[in-house]
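**Student:** just coords:
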Ligand code: LFR
């Protein structure tokens, strides 16, 4: 068959990418086309996403793709971080979407919990408690009453590209307003919370054609290309690209967050699961992503930002490679810190908060960037290990290997420490799992890949051999 190409738009909390995936004879080849920063903007007392700039960058990436590979691209798919949304009225965006790290969510949690306590909410939506789950954000959103439509970020961009108004299911599953048993909106819950179900768009599954580039978008790109819904929650796309065709595996999708858990056939609503704060998010092909959000490399990137700030803008020289090498040769902290402490959620001086965790307990705090980095890596690895073992226990499934995918797969110190602290082998890679999952689901929709998750994962395993870390005593 002639080679055919799809375009993945993958938007992360710090950068966005447009990546092309070309299928020929059952193999996949990737080309990085564009990479652009995604920097939240703080104004008017709120922390926001610059979604218009993101849209501009996506359009510019797609235009470049068409110019460099005229007529080759068969579809476009968009994924991003979860939970955040834009509100619209009459097709116009109302306000600038909030960042999930904005402090307003505390008020939303109070409002929702006044009506539905944590137990009742879990019984209905099966989600771990994260103060920024969409349901809490909506409950405190001043524009809710004026809005006629709520669109999650990838759906919002797809709307601007095509005019379609849809909610892709994997991402909708992170809102807290979806019933994981039925895969439908929990309209009773929404109504009780004053969220009109009419603002929630019709749900679609990954693999569905959303529409075609229209209007200005078709004009810029020069052609009416299909936009296909992928696992539009980035973590759902990442899990598609885990290079394992067997069972019994756990995963850590490690970037800004460390999403740690299992793929299950059915959700787990037990009290034990709720207390351990495990979520039942929706995966591609109806799977359940039974996982917990571990704070992730945010701890390190936010620390690096603090050190850069202190060094002055002229000296933005923190070299991550060097820092990790140094961290590898300082001793482990006496005790690892609790990476999930909510104090680490907001942007700001991360080293000071980490030091505070230690000094409050009368423990020696790290002092140098290398010591902080070592403490962060070891503490993350411990949390990854604990979370994998806990997930296996709660879901009553054996785990024999941990797959680390995403940016964190490049971090050798982290992968080795995770193997050591869990006693399980770690298979690291692919780094671009999210974009690969996005590409595979589009490829399947276009008939370029056949089969289900096992076939797609088999292709990943052949194209991107993971690196193996054995646990050391
Ligand atoms: C990862 C991620 C997580 C989600 C968090 C906030 O990028 O999508 O899965 O909990 O971002 O949306």
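**Tutor:** Now that the structure is in, tell me what you want to look at. None of these values were measured; they are calculated from a predicted model.
**Student:** pick out the residue of the stretch 151-300 of the chain closest to the ligand.
**Tutor:** As assessed by Cβ to the nearest ligand atom, the ligand sits closest to residue 235 within the stretch 151-300 of the chain, at 3.8 Å. Backbone N, C-alpha and C define where each C-beta goes, glycine included.
**Student:** that residue and residue 73: what is the separation?
**Tutor:** 25 Å (Cβ to Cβ, to the nearest Å).
**Student:** higher neighbour count, those two?
**Tutor:** A direct count of neighbours by other Cβ atoms under 10 Å for residue 235 and residue 73 places residue 235 higher, at 29 against 21.
**Student:** helix, strand or coil for the closest residue in space to that one that isn't next to it in sequence?
**Tutor:** Ranked by Cβ to Cβ, 6 or more residues apart in numbering and with sequence neighbours excluded, the top spatial neighbour of residue 235 is residue 259, at 4.9 Å. Going by DSSP: H, G, I helix; E, B strand; the rest coil, the secondary structure assigned to residue 259 is strand.
**Student:** show me what contacts residue 259?
**Tutor:** Contacts for residue 259 (Cβ atoms under 8 Å, 6 or more residues apart in numbering) come out as 235, 238, 251-253, 289, 291-294, 296.
**Student:** before we move on, what about residue 374?
**Tutor:** Residue 374 is in contact with 327-328, 330-333, 366, 413, counting by Cβ under 8 Å, 6+ apart.
**Student:** in TSV, list those along with neighbour count.
**Tutor:** TSV is the format used below for the contacts of residue 374 (neighbours: other Cβ atoms under 10 Å):
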residue	neighbour count
327	24
328	15
330	16
331	8
332	15
333	20
366	21
413	16
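**Student:** which of these sits closest to residue 302?
**Tutor:** In terms of Cβ to Cβ, no member of those lies closer to residue 302 than residue 366, at 14.7 Å.
**Student:** spell out which parts of this protein neighbour the ligand.
**Tutor:** Where the chain comes near the ligand, counting by Cβ under 6 Å from any ligand atom, the residues are 81-83, 100, 233-235, 255-257, 259, 293.
**Student:** helices - which of those residues land there?
**Tutor:** If you go by DSSP state H, the residues of the chain next to the ligand have 234-235 in helices.
**Student:** about what we covered before: closest to residue 303 out of the contacts of residue 374?
**Tutor:** Distance to residue 303 across these (Cβ to Cβ) is lowest for residue 366, with 9.9 Å.
**Student:** next, give phi and psi for that closest one.
**Tutor:** The phi and psi torsions at residue 366 (degrees, to the nearest 10) take the values phi -60, psi 150.
**Student:** can you pull the contacts of it?
**Tutor:** Neighbouring residues of residue 366 by Cβ under 8 Å, 6+ apart: 333, 351, 354-355, 358, 372, 374-375.
**Student:** okay, and which of the contacts of residue 374 map to helices?
**Tutor:** 327-328, 413.
**Student:** ok, back up a step: any idea what the residue nearest to residue 235 is bridged to?
**Tutor:** In this entry, residue 259 is beta-bridged to residue 253, residue 293, by DSSP bridges.
**Student:** and the gap between it and residue 26?
**Tutor:** According to Cβ to Cβ, residue 259 stands 29 Å off from residue 26.
**Student:** pLDDT score for residue 463?
**Tutor:** Residue 463 carries a pLDDT score of 93 in this model.
**Student:** which element is the closest residue to it other than its chain neighbours on?
**Tutor:** Once flanking residues are discounted, residue 463 sits nearest to residue 28: 5.1 Å by Cβ to Cβ, 6+ apart. Using DSSP states H and E, residue 28 falls within strand 27-37.
**Student:** quick one: low-confidence ranges for the stretch 151-300 of the chain?
**Tutor:** Filtered on pLDDT under 70, the stretch 151-300 of the chain yields no residues whatsoever.
**Student:** strands of that one, start to end?
**Tutor:** 167-168, 178-179, 184-185, 203-204, 209-212, 226-228, 249-254, 258-264, 279-282, 288-294 (DSSP state E, counting those that start in this stretch).
**Student:** which helices and strands sit right next to the first one?
**Tutor:** In this structure, strand 167-168 packs against strand 149-152, helix 153-162, strand 203-204, with contacts taken as 3 or more Cβ pairs under 8 Å, 6 or more residues apart in numbering; DSSP states H and E.
**Student:** partners of the first one in the sheet?
**Tutor:** What it means is strand 149-152. strand 85-89 (antiparallel).
**Student:** residues contacting residue 72?
**Tutor:** Contact analysis of residue 72 by Cβ under 8 Å, 6+ apart lists 3-5, 22.
**Student:** 7 Å - rerun?
**Tutor:** Applying Cβ atoms under 7 Å, 6 or more residues apart in numbering to residue 72 gives the contacts residue 5.
**Student:** do the same with the one 3 residues further on
**Tutor:** For residue 75, the contacting residues are 6, 225-228, 442, 445-446, by Cβ under 7 Å, 6+ apart.
**Student:** I'd like to know how far the residue with the largest distance to the centre of the chain sits from residue 334.
**Tutor:** The C-alpha centroid of the chain is most remote from residue 362, which lies 35.3 Å away (Cα atoms, centre = their mean). Distance, residue 362 to residue 334, by Cβ to Cβ: 11 Å.
**Student:** rewinding a little: mind putting the strands of the stretch 151-300 of the chain into CSV with distance to residue 400?
**Tutor:** As requested, the strands of the stretch 151-300 of the chain are exported to CSV (distance: least, Cβ to Cβ, whole Å):
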stretch, distance to residue 400
strand 167-168, 32
strand 178-179, 31
strand 184-185, 35
strand 203-204, 35
strand 209-212, 38
strand 226-228, 34
strand 249-254, 7
strand 258-264, 12
strand 279-282, 23
strand 288-294, 17
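**Student:** out of the contacts of residue 366, which end up buried?
**Tutor:** Buried subset of these (neighbour count, 16 or more other Cβ atoms under 10 Å): 333, 351, 354-355, 358, 372, 374-375.
**Student:** which one among those residues gets closest to residue 56?
**Tutor:** Nearest member of these to residue 56, counting by Cβ to Cβ, is residue 351, at 34.4 Å.
**Student:** so that closest one sits right up against residue 372, yeah?
**Tutor:** Yes. In this structure, residue 351 is within contact of residue 372 by Cβ atoms under 7 Å, at 5.4 Å.
**Student:** okay, and the common contacts of those two?
**Tutor:** Here residue 351 and residue 372 have residue 303 as joint contacts, going by Cβ under 7 Å, 6+ apart.
**Student:** re the thing from before, next, format the contacts of residue 374 as a markdown table and append pLDDT.
**Tutor:** Shown next, in a markdown table, are the contacts of residue 374 (pLDDT from 0 to 100):
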| residue | pLDDT |
| --- | --- |
| 327 | 97 |
| 328 | 96 |
| 330 | 96 |
| 331 | 93 |
| 332 | 92 |
| 333 | 89 |
| 366 | 97 |
| 413 | 97 |
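**Student:** give me the residue from the stretch 301-450 of the chain nearest the ligand.
**Tutor:** Taking Cβ to the nearest ligand atom, the ligand has its nearest neighbour within the stretch 301-450 of the chain at residue 434, 8.1 Å off.
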